[in-house]
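Undergrad: Pasted the sequence and its predicted model underneath.
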Amino acid sequence: MSKKIRQSLVAGNWKMNGSAALVADFNEKLKTVQCDANIVVCSPSTLFHHFSGDAFSLGAQNVSHLDNGAHTGELSLEMIKDAGCSYAIVGHSERREDQQESNDLVASKAKKCVEAGVTPIICVGESLEIREAGNVEQFVGEQLDALTSTLSVEELSKSVIAYEPIWAIGTGKTATPEQAQEVHEFIRGYFNKVDADLALRLPILYGGSVKPDNAQTLFSQKDVDGGLIGGASLKAEDFISICQAAN
């Protein structure tokens with residue numbers, strides 16, 4: 001069965017960037033975009049209230065696995081939902097590294113998202129050291145093991161996976177289309193052993209220095225269903241070009 005059974009998705013991760021002026025630019029320029037892919041913008045939480053329109057969905061860059069309480073600086077699922085978010089990135093490599101988020105914590109966040117009706121964009125991926133040692137499948141497999149031991153097949157079916165080779169994030173390096181496809185195929189094969197229908201329908205995004213000039217080639221790969229976009233998502237024109245490449 002072809003990848004057409006899966007809805008393409010392009011999510012922009014603004015990271016610690018953005019302003020009310022940038023949101024206004026996006027609100028204006030994306031409202032008339034013709035695009036078959038679902039579009040998500042994940043901005044800093046301080047900007048959520050500036051977004052308007054229905055041309056794209058809003059996503060959080062992170063969310064707590066806790067419901068509420070004395071957890072300074074954290075945002076709960078109910079808070080991001082109240083702010084209009086229907087997606088949340090969990091387990092981004094920068095949080096795994098900077099905040100030492102474990103595979104189990106990432107899995108628990110993903111489960112809480114699904115339970116709250118928010119679609120988790122669950123990031124997995126390897127460092128250059130892991131890749132050069134030839135341990136990509138073992139490393140990514142362990143990240144996926146935590147998900148399958150925590151989430152049911154039904155819960156996984158309400159999730160999105162994003163493969164991000166850490167060595168290609170913000171470095172200007174990009175995995176070749178063949179390298180991207182190889183890992184995406186491994187991920188889909190992993191889930192096929194869990195549930196064949198889940199594997200067919202699960203969107204798997206590529207994230208790693210995707211730009212307008214390489215997006216179409218990357219997205220044309222059999223098991224690549226769109227992208228998690230970093231720097232190029234901060235320019236409306238570039239982001240629109242990437243979204244249209246996912247048609």
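TA: Nice, I can see it. Residues are numbered from 1 along each chain as shown.
Undergrad: Confidence-wise, which helix or strand of this protein is lowest on average?
TA: Sorting the helices and strands of the chain by mean pLDDT, DSSP states H and E puts helix 128-132 at the bottom, at a mean of 90.
Undergrad: Pull out the buried positions in it.
TA: Residues of helix 128-132 classed as buried: 130-131 (neighbour count, 16 or more other C-beta atoms under 10 Å). For the C-beta atoms, the positions are set from N, CA and C on the backbone; glycine is no exception.
Undergrad: Mind giving me the packing neighbours of the very next helix or strand once past it?
TA: Counting by DSSP states H and E, the next helix or strand C-terminal to helix 128-132 is helix 136-150. With contacts taken as 3 or more C-beta pairs under 8 Å, 6 or more residues apart in numbering; DSSP states H and E, helix 136-150 sits against helix 103-115, strand 119-124, helix 177-194.
Undergrad: Any regions of the protein where pLDDT drops low?
TA: Along the chain, segments meeting pLDDT under 70 span 1-4.
Undergrad: With adjacent residues omitted, what lies nearest to Q216?
TA: A245 (4.1 Å; C-beta to C-beta, 6 or more residues apart in numbering).
Undergrad: residues contacting the residue nearest the centre of the chain?
TA: Residue closest to the mean C-alpha point of the chain, counted by C-alpha atoms, centre = their mean, is I121 at 4.1 Å. Contact partners of I121, counting by C-beta atoms under 8 Å, 6 or more residues apart in numbering, are 11, 40, 42, 59, 87-90, 159-162, 205, 228.
Undergrad: What's the ChimeraX line that selects buried ones from the residues you listed?
TA: Per 16+ other C-beta under 10 Å, the buried members of the contacts of I121 correspond to this ChimeraX selection:
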select :11,40,42,59,87,88,89,90,159,160,161,162,205,228
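Undergrad: export the contacts of I121 to a markdown table and tack on secondary structure?
TA: Below are those laid out as a markdown table (DSSP: H, G, I helix; E, B strand; the rest coil):
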| residue | secondary structure |
| --- | --- |
| A11 | strand |
| V40 | strand |
| C42 | strand |
| G59 | strand |
| Y87 | strand |
| A88 | strand |
| I89 | strand |
| V90 | strand |
| S159 | coil |
| V160 | strand |
| I161 | strand |
| A162 | strand |
| L205 | strand |
| L228 | strand |
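Undergrad: Can you lay out the contacts of I121 as JSON lines showing distance to G172?
TA: Formatted as JSON lines, the contacts of I121 follow (distance: C-beta to C-beta, whole Å):
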{"residue": "A11", "distance to G172": "20"}
{"residue": "V40", "distance to G172": "24"}
{"residue": "C42", "distance to G172": "21"}
{"residue": "G59", "distance to G172": "25"}
{"residue": "Y87", "distance to G172": "27"}
{"residue": "A88", "distance to G172": "27"}
{"residue": "I89", "distance to G172": "22"}
{"residue": "V90", "distance to G172": "26"}
{"residue": "S159", "distance to G172": "29"}
{"residue": "V160", "distance to G172": "25"}
{"residue": "I161", "distance to G172": "24"}
{"residue": "A162", "distance to G172": "19"}
{"residue": "L205", "distance to G172": "20"}
{"residue": "L228", "distance to G172": "17"}
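Undergrad: What about this protein, which residue is the most distant from its middle?
TA: The chain, farthest from centre, C-alpha atoms, centre = their mean: A70 at 28.2 Å.
Undergrad: about what we covered before: next one: the least confident helix or strand of the chain to chain centre, how far?
TA: 22 Å (C-alpha atoms, centre = their mean, to the nearest Å).
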